[in-house]
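K.L.:
A predicted structure for the sequence below; I have some questions about it.
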Amino acid sequence: MFYWVMKRIIVGPILNLLFRPWVKGLDNIPSSGPAVIVSNHLSFSDSIFLPIVVPRPVVFLAKSEYFTGKGLKGRLTALFFRLSNQLPMDRSGGAASSSSLSAGMDILNEGGILGIYPEGTRSPDGRLYRGKTGVAKLVLATGVPVIPVAMIGTDKVQPIGRRIPNIRRVGIIIGEPLDFSRYEGLEDDRFVQRSVTDEIMYELMRLSGQEYVDAYASTVKERLAAEKAAGRKTPKPGADTRRAAVRMSNEAAGPAPGTVTEIGRTAPAEGPTGTDDGRNAGPPAG
């Protein structure tokens with residue numbers, strides 16, 4: 001009830017009036033049945049704008065810190081996230097992360113739509129970072145379609161650290177469903193998990209037009225925080241992983257934005273939402 005009241009009566013009309021979000025590909029959202037929406041993550045407000053334009057309820061996996069805050073503010077924040085159809089996602093790895101993914105699987109088994117940010121955290125600089133394989137585990141285990149979504153301009157509306165948003169238009173591009181049924185029975189294969197994740201990230205890059213950085217956003221954020229604490233001058237995020245910029249051929253898929261990617265050193269071991277051994281790094285070129 002709270003979700004629909006906020007969406008239809010309070011938050012939705014206000015945001016539509018102020019930010020006038022434009023949407024492409026809304027008919028790619030299935031009218032019924034389970035699906036996983038995967039999106040790039042530019043801003044905290046992504047989890048607000050996206051559910052407003054999708055006709056069906058979307059349950060997001062949100063970082064568990066939103067649900068464990070102290071004091072009155074922390075309790076109110078946790079209450080808001082629970083009432084707005086969001087589930088805590090433990091990013092510490094191991095059994096805790098597996099339990100969080102199981103909660104997402106329950107949503108899919110009930111025929112719902114689950115929203116996931118494969119990067120695991122917001123982009124520190126507006127570029128698209130390497131995806132974690134947790135989303136692939138869910139998709140391969142359930143066999144549900146994947147709906148890629150590109151959020152456009154939300155980082156300009158609410159940059160990291162800004163509480164009061166800027167009033168400007170945002171865009172949402174919803175791509176055609178991705179089918180990974182060809183990997184049926186291979187859900188425990190780490191190479192398949194990485195391949196599926198990379199294919200998803202390539203589609204997000206193509207839809208959003210973002211530059212791809214072959215590094216985990218969480219790793220880059222940790223490095224930037226350490227450099228800031230040490231008082232060192234901060235280089236452009238991802239610069240230390242750059243070896244070359246490669247223009248990827250997109251002839252098979254037709255002309256589309258997002259054809260520039262960065263190829264860097266082998267990424268470190270994957271964080272909390274999946275496993276990775278560093279092989280097959282970066283989205284495939286087709």
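P.N.:
Great, that's in hand. Numbering: from 1, shown residues only.
K.L.:
Apart from its chain neighbours, what residue comes closest to residue 196?
P.N.:
Taking CB to CB, 6 or more residues apart in numbering as the measure, residue 196 lies nearest to residue 136, with 4.0 Å between them; neighbours along the chain are not counted. The way it works is simple: take the backbone N, C-alpha and C, and place the C-beta from them, glycine included.
K.L.:
quick one: contacts for the one you found?
P.N.:
Residue 136 makes contact with 180, 192-194, 196-197, 200, 274, according to CB atoms under 8 Å, 6 or more residues apart in numbering.
K.L.:
and which of these is nearest residue 51?
P.N.:
Here the nearest of the contacts of residue 136 to residue 51, counting by CB to CB, is residue 200; it sits at 19.8 Å.
K.L.:
how about the residue nearest to the closest one when sequence neighbours are not counted, what does it touch?
P.N.:
Using CB to CB, 6+ apart and skipping the chain neighbours, the partner closest in space to residue 200 is residue 38 (5.5 Å). Residues near residue 38 by CB under 8 Å, 6+ apart: 115-118, 135, 146-149, 200, 204.
K.L.:
at 6 Å instead, please
P.N.:
Neighbour list for residue 38: 116, 118, 135, 146, 148, 200 [criterion: CB atoms under 6 Å, 6 or more residues apart in numbering].
K.L.:
Beyond the host helix or strand of the residue nearest to residue 196, next helix or strand please.
P.N.:
Using DSSP states H and E, residue 136 falls within helix 134-142. Using DSSP H and E, the helix or strand that follows helix 134-142 towards the C-terminus is strand 146-152.
K.L.:
Identify all contacting residues around the next helix or strand after that following strand.
P.N.:
From strand 146-152 onward toward the C-terminus, using DSSP H and E, the following helix or strand is helix 154-157. The set of residues external to helix 154-157 that reach it, using CB under 6 Å, 6+ apart, is 42-43, 45-46, 126, 165-166, 168, 170.
K.L.:
can you do 10 Å?
P.N.:
18-19, 21, 39-50, 122-123, 125-126, 151, 162, 165-172 (CB atoms under 10 Å, 6 or more residues apart in numbering).
K.L.:
any idea which helix or strand comes after that helix?
P.N.:
Beyond helix 154-157 in the direction of the C-terminus, DSSP H and E gives the next helix or strand as strand 171-174.
K.L.:
model confidence over that following strand, on average?
P.N.:
For strand 171-174, mean pLDDT rounds to 98.
K.L.:
go on, stretch 44-59?
P.N.:
pLDDT averaged over stretch 44-59 equals 91, rounded to a whole number.
K.L.:
For that stretch, measure first residue to last.
P.N.:
Between the opening and closing residues of stretch 44-59 lies a distance of 15 Å (CA to CA, to the nearest Å).
K.L.:
so who does residue 14 touch?
P.N.:
Counting by CB under 10 Å, 6+ apart, residue 14 has contacts residue 52.
K.L.:
Can you classify it by secondary structure?
P.N.:
Classification of residue 14 using DSSP: H, G, I helix; E, B strand; the rest coil returns helix.
K.L.:
Strands along the chain, start to end?
P.N.:
Using DSSP state E, the strands of the chain run over 22-24, 35-39, 58-63, 86-89, 113-116, 128-129, 146-152, 171-174, 212-213, 244-247, 260-263.
K.L.:
ranking these by burial, who's on top?
P.N.:
The highest mean neighbour count among these belongs to strand 128-129 (a mean of 28), with neighbours defined as mean count of other CB atoms under 10 Å.
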